[in-house]
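Enquirer: the following block contains a protein sequence and its predicted model.
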Amino acid sequence: MAADDRVERALAVQKSIFGVEVKSGRRANEPEAAEDLSRLMLEHAFADVWSRPGLDTRTRSFITLSMAIAQDSTRELRNHTWGALRLGITPEEIIEVIIHAAVYCGVAKASGAWSEVRRILAEHAAAASAGEAQ
């Protein structure tokens, strides 16, 4: 498969999750290798992993939320909570993930995740009432 096909597939999968495609690349004053790193992360995550047939997108979303909590990765938790909501995962289901994570990742990480998810749910509700949520 050509590199352009992989990028296009990755962008399509990314758009199905987040509603947008984010073409990442090298910014001004970054080494040329930064573009390769950006493309590698995009293609590997979305063309190679998220598009595999073994698990559906909804299941992968639950797993990704769990891993973001385990790693205490606020940015990934934020992005993937928005993606989960867009995929139709309910706030109650997201809270269940956090409850489950409390047992396996620790209460402190679950508490931090809940603080972030609580903000996202409020933003999502505000956007929905304004007719902006997807």
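Expert: Done, it's in.
Enquirer: quick one: average pLDDT of stretch 90-108?
Expert: On average, the pLDDT along stretch 90-108 is 98.
Enquirer: okay, that stretch in CSV with CA atoms only?
Expert: Output in CSV follows, covering the C-alpha atoms of stretch 90-108 (Å, rounded to 0.1, in the frame of the first residue of the first chain):
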residue,chain,number,x,y,z
THR,A,90,-22.7,7.6,26.9
PRO,A,91,-21.5,9.6,29.8
GLU,A,92,-22.6,6.8,32.1
GLU,A,93,-20.4,4.3,30.2
ILE,A,94,-17.4,6.6,30.4
ILE,A,95,-18.0,6.9,34.2
GLU,A,96,-18.1,3.1,34.3
VAL,A,97,-14.7,3.0,32.7
ILE,A,98,-13.4,5.4,35.3
ILE,A,99,-14.9,3.3,38.1
HIS,A,100,-13.2,0.2,36.6
ALA,A,101,-9.9,2.1,36.3
ALA,A,102,-10.0,3.0,40.0
VAL,A,103,-9.6,-0.6,40.8
TYR,A,104,-6.8,-1.4,38.4
CYS,A,105,-5.0,2.0,38.0
GLY,A,106,-5.7,3.6,41.4
VAL,A,107,-8.1,6.0,42.9
ALA,A,108,-5.8,9.0,42.3
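Enquirer: may I see the buried residues of it?
Expert: Residues of stretch 90-108 classed as buried by neighbour count (16 or more other C-beta atoms under 10 Å): 91, 94, 97, 98, 101, 102, 105. Bear in mind the C-beta positions are built from the backbone N, C-alpha and C, glycine included.
Enquirer: next one: that stretch to chain centre, how far?
Expert: Centroid separation for stretch 90-108 versus its chain: 16 Å, with C-alpha atoms, centre = their mean, to the nearest Å.
Enquirer: same check on stretch 50-65?
Expert: Averaging C-alpha positions (C-alpha atoms, centre = their mean) puts stretch 50-65 11 Å from its chain's average.
Enquirer: for it, buried residues please.
Expert: So stretch 50-65, judged by 16+ other C-beta under 10 Å, has buried residues 50, 51, 60, 61, 62, 64, 65.
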